[in-house]
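Novice: Starting from these lines, generate the structure:
(one chain, ligands or ions: 1)
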Amino acid sequence: MTGSKVVAFGHFQPERIVPNTELEKLVETSDEWIVRRVGIEERRWGTGVETVDSMAIKAAKMALDNAEGIDAGDIDMVVVATCTATDRSPNMAARVANALGMDQGPATIDVNTACSGFAHSLALVQGAIASGSATKALVIGSEMLTDFTDFTDRTTCVLTADGAGAFVVTDSETAEISPVVWGSVPSLSDAVRIEAENNSKFAQSGQSVYRWTVTQLPKIASKIIERAGLKPEEIDGIILHQANLRIIEPLAEKIGAPNARIATDIVHSGNTSAASMPLALSKLMASDDPLPSGSKALLFAFGGGLSYAGQVITIP
Ligand SMILES: CC(C)(COP(=O)(O)OP(=O)(O)OC[C@H]1O[C@@H](n2cnc3c(N)ncnc32)[C@H](O)[C@@H]1OP(=O)(O)O)[C@@H](O)C(=O)NCCC(=O)NCCS
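Specialist: Model (predicted):
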């Protein structure tokens, strides 16, 4: 079986920074409540110029610019993870391929498992490469959650944000993306929702999801590391879905990876659903202090469905 590896990262965020104090003017909330319960200090919201498609395209362009020797014409698979696509058809991956002039005609697939969508998409690409159906892929998470936010609902509008992240993934002689661990909790399938009967606005049973994360996430994270053939102390970076700092920090602690850097992009970016992991990792890799090449990074996300997926990747 052919292995696969991540070779480059990209991301995009709208320019508008919305601090908690701005939300205090919208709903009955406080900077203190948001920081203490969720850990968000500020988030990025679209300015009206960006769309979920345009953010995906910008993140993809950055990832391709960062991928040495690979351009849009080499890509044979595009997967977009999103739960905030504007239209039912065409799907976003098709629009990305068109915008990037991919006349070679790659496979173009959208994945909607809400916040866990990027990890699911990475697993699909890995499987396609392993079976010989793809060799060079673009995997994108893009979300315009503010299009689906009720700005009178303090339980959700303080969480949601906009942005996109992307990876370029290629075939590899060695396996640098571990086998996915994925699954779902059907009894909690309604815990995170964007339903037509609620004007397509984001809603969740926060406490139910929170309780599930506390009891189940550590076990699943251990399984992901085990399937990668690693010990927790060999993990150098922990990139979890950026839903709540109160979930991220204790989970990272329980994983028992004393040397791992923990992505906490939620503090400045809010919750961007399927975009949050690639966004957090791409920003970390573009920072002055990126994870070194060869590092092992745990990716693990959970969300609507209730679905979850995760894998370990080697940093290029
Ligand atoms: C959403 C979440 C941050 C809410 O935090 P919480 O501590 O569970 O808060 P609760 O929903 O129990 O609400 C506690 C109180 O704060 C109030 N509250 C809710 N939002 C508030 C806000 N923005 N500002 C001030 N008070 C708020 C509630 O009305 C409630 O008041 P009450 O006790 O008078 O009824 C938390 O439950 C969570 O992160 N859950 C998991 C979410 C998740 O991971 N989703 C999946 C992927 S997106």
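Novice: make it CA atoms for all contacts and neighbour counts henceforth
Specialist: Will do.
Novice: give me the number of residues near the residue lying closest to Ile235 once chain neighbours are set aside?
Specialist: Once flanking residues are discounted, Ile235 sits nearest to Lys296: 5.3 Å by Cα to Cα, 6 or more residues apart in numbering. Look at Lys296: counted by other Cα atoms under 10 Å, it has 24 neighbours.
Novice: ok, Lys296 - contacts?
Specialist: 234-237, 312-315 (Cα atoms under 8 Å, 6 or more residues apart in numbering).
Novice: okay, now the residue in the stretch 51-200 of the chain positioned nearest to the ligand: neighbour count?
Specialist: Ranked by Cα to the nearest ligand atom, the top residue of the stretch 51-200 of the chain for proximity to the ligand is Thr155, at 3.7 Å. Residues lying near Thr155 (other Cα under 10 Å) number 17.
Novice: Looks to me like it is in a helix.
Specialist: Yes. Thr155 forms part of a helix when assessed by DSSP: H, G, I helix; E, B strand; the rest coil.
Novice: change the start of the numbering to 66 and stick with it
Specialist: Will do, 66 is the new start, and the previous item becomes Thr220.
Novice: top of the contacts of Lys361 by neighbour count?
Specialist: Among the contacts of Lys361, Val377 has the most neighbours (other Cα under 10 Å), with 27 neighbours.
Novice: wait, it sits on Ile290?
Specialist: Yes. Val377 is within contact range of Ile290, at 6.8 Å (criterion: Cα atoms under 8 Å).
Novice: The stretch 66-215 of the chain: strands as residue ranges?
Specialist: Secondary structure of the stretch 66-215 of the chain by DSSP state E, counting those that start in this stretch: the strands cover 68-77, 81-84, 107-110, 142-146, 172-176, 201-209.
Novice: Looking at those, which one is packed in the most?
Specialist: strand 201-209 (a mean of 31; mean count of other Cα atoms under 10 Å).
Novice: Could you figure out how far that strand is turned away from strand 68-77?
Specialist: Strand 201-209 runs at 40 degrees relative to strand 68-77, counting by axes from the mean of the first three to the mean of the last three Cα atoms, to 10 degrees.
Novice: For Val143, list each beta-bridge partner.
Specialist: Thr173, Leu203 (DSSP bridges).
Novice: quick one on the thing from earlier: quick check: the gap between the residue of the stretch 116-265 of the chain closest to the ligand and Ile99.
Specialist: Look at Thr220 and Ile99: by Cα to Cα, to the nearest Å, they are 10 Å apart.
Novice: Within range of the ligand, give me the residues from the stretch 266-381 of the chain.
Specialist: Taking Cα under 6 Å from any ligand atom as the contact definition, the stretch 266-381 of the chain meets the ligand at 271-272, 274-275, 308-309, 368.
Novice: Could you dump these into JSON lines with neighbour count added?
Specialist: JSON lines is the format used below for these (neighbours: other Cα atoms under 10 Å):
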{"residue": "Gly271", "neighbour count": "12"}
{"residue": "Gln272", "neighbour count": "10"}
{"residue": "Val274", "neighbour count": "17"}
{"residue": "Tyr275", "neighbour count": "14"}
{"residue": "Ala308", "neighbour count": "25"}
{"residue": "Asn309", "neighbour count": "21"}
{"residue": "Gly368", "neighbour count": "24"}
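Novice: Among those residues, name the ones in helices.
Specialist: Among these, the members found in helices (DSSP state H) are 271-272, 274-275.
Novice: Just the closest of those to Gly170, please.
Specialist: Of all these, Gly170 sits closest to Val274, with 39.8 Å by Cα to Cα.
Novice: what helix or strand is Gly370 on?
Specialist: Gly370 belongs to no helix or strand when assigned by DSSP states H and E.
Novice: Show the contacting residues for the closest residue to it other than its chain neighbours.
Specialist: Of all residues not flanking Gly370 in the chain, Ser254 sits nearest, at 4.3 Å (Cα to Cα, 6+ apart). Listed by Cα under 8 Å, 6+ apart, the contact partners of Ser254 are 369-371.
Novice: mind redoing it with 10 Å?
Specialist: Contacts for Ser254 (Cα atoms under 10 Å, 6 or more residues apart in numbering) come out as 368-372.
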